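# How does the following fold in three dimensions:
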Amino acid sequence: MQEPLPLVVFSDLDGTLLDHDSYSWQAAVPALDRLAEMGAAVVLASSKTALEITVLQQKMGLSNWPAIVENGAGLLGQNDLPTYGDLRAALDRIPDDLRQKFRGFGDMSVEEIAEITGLPQADAARAAERMFSEPGIWSGTDAERGEFETALADLGVSARYGGRFLTLSFGGTKADQMAEVLSRYPARHTVALGDAPNDIEMLEAAEFGVIVANPHRAALPPLAAERTGRIIRTKEAGPSGWNRAMMDLLDRLETKA
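Numbering: from 1, shown residues only. Below is the predicted model:
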């Protein structure tokens, strides 16, 4: 029987482990080093593509662990799901008056993706290499967006807001992929960290959840598990808040051990 890992950490990237403006994770290095020393897994869970996350895993020293890509639409190395081409074909079946109000990455040049994301050109090119999902900008009204999402749902496509974009996929959430990872890597404890609405299910599914402050977007609504302290909020933003929350949680877990 496989010996359980001491801890598996599931972390969103943009605005959580990565600084919203600089995309740096350096403020979280002390906690990341401590996690590595104890043999904990850090599973990146993001809207980013497999190519983007592979590069970040290599830079962060996390290549030994799985990663959740494209907002939970896929798991790194998982290739048995509906393709990006299927998704674009479904999108093009939406009535024109609604379709024109959604501009996805597949409608943009690499230069445009770099401009709206703030990514360097090479990173923007990796962001354009979609496998399972389509992020984009919605320019219509809230009512029109409701019609758009209903039309997509009729085609089996879901739409979810992340930190910056409305992202379309054939389903699958970060929490769904989290369960798949834990089936492969059993753990004594689990922690999830995020800042956006598409992180809520992951935060609620973990033993401990951390809502990382992000002054660039509206705060998440109060979650039920906050009343018991199972989910906490950071005061510091991005990787600084990530680092402090993880250090505090590790101290708590060591005290309980």
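# Tell me which stretches of the protein form helices.
In the chain, the helices defined using DSSP state H lie at 29-37, 50-60, 84-91, 96-99, 110-117, 121-127, 142-153, 174-184, 200-205, 238-256.
# do you know how far the residue most central in space within the chain is from Phe10?
Centroid check for the chain by CA atoms, centre = their mean gives Ser46 as the closest residue, at 2.5 Å. Ser46 sits 10 Å away from Phe10, taking CB to CB, to the nearest Å as the criterion. Where C-beta positions appear, they are placed from N, C-alpha and C, glycine not excepted.
# Report the set of residues contacting both of these two.
Common neighbours of Ser46 and Phe10 (criterion: CB atoms under 8 Å, 6 or more residues apart in numbering): Ile68.
# Mean pLDDT per helix and strand in the chain: which one sits at the bottom?
The weakest-scoring helix or strand in the chain, judged by mean pLDDT, DSSP states H and E, is strand 158-161 (a mean of 85).
# any idea how far Glu204 is from the residue lying closest to Val8 once chain neighbours are set aside?
Closest residue in space to Val8, ignoring its immediate chain neighbours: Ala187 at 4.1 Å, by CB to CB, 6 or more residues apart in numbering. Distance from Ala187 to Glu204, counting by CB to CB: 17 Å.
# try Glu111
Glu111 is 38 Å from Glu204, by CB to CB.
# ok, the residue nearest to Asn64 when sequence neighbours are not counted - how many residues close by?
Spatially, and ignoring its direct neighbours in sequence, Asn64 is nearest to Ala41 (7.9 Å; CB to CB, 6+ apart). Residue neighbour count, defined by other CB atoms under 10 Å, stands at 21 for Ala41.
# pretty sure Ala41 contacts Leu7?
Yes. Ala41 is in contact with Leu7 according to CB atoms under 8 Å; the separation is 7.4 Å.
# any common contacting residues for these two?
In contact with both Ala41 and Leu7: Ala187, using CB under 8 Å, 6+ apart.
# pLDDT wise, what is the closest residue to Ala27 other than its chain neighbours at?
In space, and not counting its chain neighbours, Ala27 is closest to Pro239: 3.9 Å by CB to CB, 6+ apart. As predicted, Pro239 sits at a pLDDT of 98.
# what sits against Pro239?
Counting by CB under 8 Å, 6+ apart, the residues that Pro239 touches are 16-19, 24-28.
# of these, closest to Ala225?
Nearest to Ala225 among these: Thr16, at 17.8 Å, using CB to CB.
# Quick check: that closest one vs Leu44, distance?
Distance, Thr16 to Leu44, by CB to CB: 10 Å.
# Could you give the bridge partners of the closest residue to Leu87 other than its chain neighbours?
Once flanking residues are discounted, Leu87 sits nearest to Glu134: 5.6 Å by CB to CB, 6+ apart. Note on Glu134: beta-bridge partners Leu168, judged by DSSP bridges.
# circling back: pull out the buried residues from the least confident helix or strand of the chain.
158-160 (16 or more other CB atoms under 10 Å).
# same thing with stretch 14-24?
Buried-residue list, stretch 14-24, by 16+ other CB under 10 Å: 14-20, 23.
# Looking at the helices of the chain, which is nearest to Ala225?
Smallest distance to Ala225 across the helices of the chain (CB to CB): 6.2 Å, for helix 200-205.
# Which strands and helices lie in contact with the closest one?
helix 174-184, strand 190-194, strand 208-213 (3 or more CB pairs under 8 Å, 6 or more residues apart in numbering; DSSP states H and E).
# which residues are contacting the last one?
Here strand 208-213 makes contact (CB under 8 Å, 6+ apart) with 12, 15-16, 189-195, 202-203, 219-220, 223, 225, 230-238, 241-242, 245-246, 249.
# Just the buried ones from the residues you listed?
By neighbour count, with 16+ other CB under 10 Å, these hold 12, 15-16, 189-195, 202-203, 220, 231, 233-234, 237-238, 241-242, 245-246, 249 as buried.
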